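Chemist: Provided below for reference: sequence and predicted model.
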Amino acid sequence: QVQLVESGGGLVQAGDSLRLSCVASGRTFSSYAMGWFRQAPGKEREFVAAINWSGSNTYYRNSVKGRFTISRDNAKNTVYLQMNSLKPEDTAVYYCAADRTTFSTNQGAYDYWGQGTQVTVSS
């Protein structure tokens, strides 16, 4: 069992930056691929970024490429999402998720989810 706790969300202006953190419980964090997803009001949850167990491979949705960076520190059981040049359309609840078996953009592949952290970007 893995428990995930996100933090770092908040209210910012367009063009600002935020760094989200997700701390995982358990001793096997380094064996999990990790992902960030988001859900805006009235919309379905969507993939944002993913990172493999070692951090050597990452993947992003097109709309955040060049602005967001996913990284991880296995010694701290933590995955990060650095978000730069934020836009109002980035406003959403952001969730981290852990995947035991694959490195995927498909949220159905993920086994554990955090409760989410709100990011609001004003124009």
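Modeler: Everything's here; your move. Since this is a predicted model, take the numbers as computed values, not measurements. Numbers count the residues shown, from 1 in each chain.
Chemist: can you tell me how far the residue most central in space within the chain sits from Cys96?
Modeler: Against the mean C-alpha coordinate of the chain, by C-alpha atoms, centre = their mean, the closest residue is Trp36 at 2.4 Å. Using C-beta to C-beta, to the nearest Å, Trp36 is found at 6 Å from Cys96. In this view, the C-beta of every residue, glycine as well, is placed from N, C-alpha and C.
Chemist: cool, Thr117 as well?
Modeler: 9 Å.
Chemist: higher neighbour count, these two?
Modeler: The neighbour comparison of Thr117 against Cys96 (other C-beta atoms under 10 Å) goes to Cys96, with 30 against 22.
Chemist: any idea how far Ala33 is from the spatially closest residue to that one that is not a sequence neighbour?
Modeler: Leaving out its chain neighbours, the residue that sits closest to Cys96 by C-beta to C-beta, 6 or more residues apart in numbering is Cys22, at 3.4 Å. Cys22 sits 13 Å away from Ala33, going by C-beta to C-beta.
Chemist: Which one of those two is surrounded by more residues?
Modeler: With neighbours defined as other C-beta under 10 Å, Cys22 and Ala33 compare such that Cys22 has more, 25 against 22.
Chemist: contacting residues for that one?
Modeler: Contact analysis of Cys22 by C-beta atoms under 8 Å, 6 or more residues apart in numbering lists Leu4, Val5, Glu6, Ser7, Met34, Trp36, Thr78, Val79, Tyr80, Leu81, Cys96, Gly114.
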